[in-house]
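J.: Based on what follows, work out the 3D shape:
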Amino acid sequence: TCQALVIGHDDKVLSKSNCVTFEQINDPIWKDNTIGTDDIVLPPWTPVLRHDNRVSMWGRDYDFNDKGFPERLATKGKNILAKSISLQAGSGNNIFEIEKSTTEYIEDNGVRVRQRTTGKLGPWKAEINCMIEFDGLMRFDMTFTPQGKQPIDNMILEIPVKKEYAQFIHSPCRTATAPDAKNGFRTKYPWKTSWSDLSHAIWLGDYERGLQWFSESTKGWYVKKPGEEIQVIPEGDTVTMRFVLIDSPYVPDKPFTITFGLQATPVKPMWPNFRGFRALPTSVKMPYRRSEERRVGKECRSRGSPDP
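T.: Below you'll find the predicted structure:
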């Protein structure tokens, strides 16, 4: 028997289909298959290494503060953060950051590093779990447990990037259709949008390096005034990605978790002639194609080139 359910961010069932009964004659070939599940580091990446609060992988070094967030993200030898990534919460006239925290390392095996930071965020208990994999992907699972009935009025995650490394914004959907966008990249600030317009990811960077934030959903967010919960704001020599996770007084009746990811780019070595690649079907005729092929000569062809 099979039934489809549509579940909202608060875990409530919004809709469900009729039950369908079917007979499975033979097991599919993928059932109980373990192909591709080996826990290994794939080339061209190298094992992820940890030394104190620094986690290193191919091309990048991530330094973490005592609150569980990166305070330095170095890619291609340059730190792109203006200061530490921060999580702040407001309650009444008080502003809180994570305090009285301790960090323990759950896993450190060359394929990934897992760390857990526990502390307090105002009236709530906070647990920041971060998994860093060999390709530089960071997954954050932030779990908050209320202690009493004091509400949190707002909660904001800020990712401050140095302006020199924040020339472009790229996001699936919204950016590609913006009036000032060129080839899917936007160059004007400030930028404020809602989750529904953003899709699932936003990248901030320059021609050589950058940082991408992403999330599958807004599960755990408490936003009553949607429209500006995701912002990119210039402030002097800094361009800040700002995420409003809570915008109204909130007293949850049970622990809740907010999940998001970060990844500094480039992710892996680029082919020497990658800027000449054209992701186009052969049926599409572009006016620059012949001139481009003449210019790059044997280095590039419209369909790409073999792996060096």
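
J.: how many neighbours does the spatially closest residue to residue 259 that is not a sequence neighbour have?
T.: Nearest residue to residue 259, sequence neighbours excluded (CB to CB, 6 or more residues apart in numbering): residue 141, at 5.1 Å. C-beta here means a position set from N, CA and C on the backbone, and glycine is covered the same way. Neighbours of residue 141 under the rule other CB atoms under 10 Å: 15.

J.: Quickly list what residue 141 is bridged to.
T.: Counting by DSSP bridges, residue 141 forms beta bridges with residue 129, residue 259.

J.: show me the residues around it that make contact.
T.: Shown in contact with residue 141 (CB atoms under 8 Å, 6 or more residues apart in numbering): 128, 129, 130, 257, 258, 259.

J.: show me the contacts for residue 7.
T.: Contacts of residue 7 (CB under 8 Å, 6+ apart): 13, 14.

J.: same question, residue 238
T.: Counting by CB under 8 Å, 6+ apart, residue 238 makes contact with 82, 83, 160, 161, 162, 163.

J.: repeat that for 6 Å
T.: Listed by CB atoms under 6 Å, 6 or more residues apart in numbering, the contact partners of residue 238 are 82, 160.

J.: Tell me where the stretch 51-200 of the chain has helices.
T.: Taking DSSP state H, counting those that start in this stretch as the criterion, the stretch 51-200 of the chain contains helices spanning 195-198.

J.: In it, where is pLDDT below threshold?
T.: Along the stretch 51-200 of the chain, the model assigns pLDDT under 70 to residues 172-189, 195-199.

J.: Strands of that one, residue ranges please.
T.: 54-57, 60-64, 70-75, 78-79, 86-91, 94-97, 99-108, 112-121, 124-133, 137-146, 154-162, 168-170, 185-186, 191-193 (DSSP state E, counting those that start in this stretch).

J.: Can you lay out those as JSON lines showing distance to residue 234?
T.: Formatted as JSON lines, the strands of the stretch 51-200 of the chain follow (distance: least, CB to CB, whole Å):
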{"stretch": "strand 54-57", "distance to residue 234": "29"}
{"stretch": "strand 60-64", "distance to residue 234": "24"}
{"stretch": "strand 70-75", "distance to residue 234": "19"}
{"stretch": "strand 78-79", "distance to residue 234": "19"}
{"stretch": "strand 86-91", "distance to residue 234": "17"}
{"stretch": "strand 94-97", "distance to residue 234": "22"}
{"stretch": "strand 99-108", "distance to residue 234": "29"}
{"stretch": "strand 112-121", "distance to residue 234": "27"}
{"stretch": "strand 124-133", "distance to residue 234": "27"}
{"stretch": "strand 137-146", "distance to residue 234": "25"}
{"stretch": "strand 154-162", "distance to residue 234": "10"}
{"stretch": "strand 168-170", "distance to residue 234": "11"}
{"stretch": "strand 185-186", "distance to residue 234": "13"}
{"stretch": "strand 191-193", "distance to residue 234": "10"}
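
J.: which stretch among these comes nearest residue 266?
T.: strand 70-75 (7.1 Å; CB to CB).

J.: Of all the strands of the stretch 51-200 of the chain, which one is nearest residue 245?
T.: Comparing the strands of the stretch 51-200 of the chain against residue 245 with CB to CB, the closest turns out to be strand 154-162 (4.5 Å).
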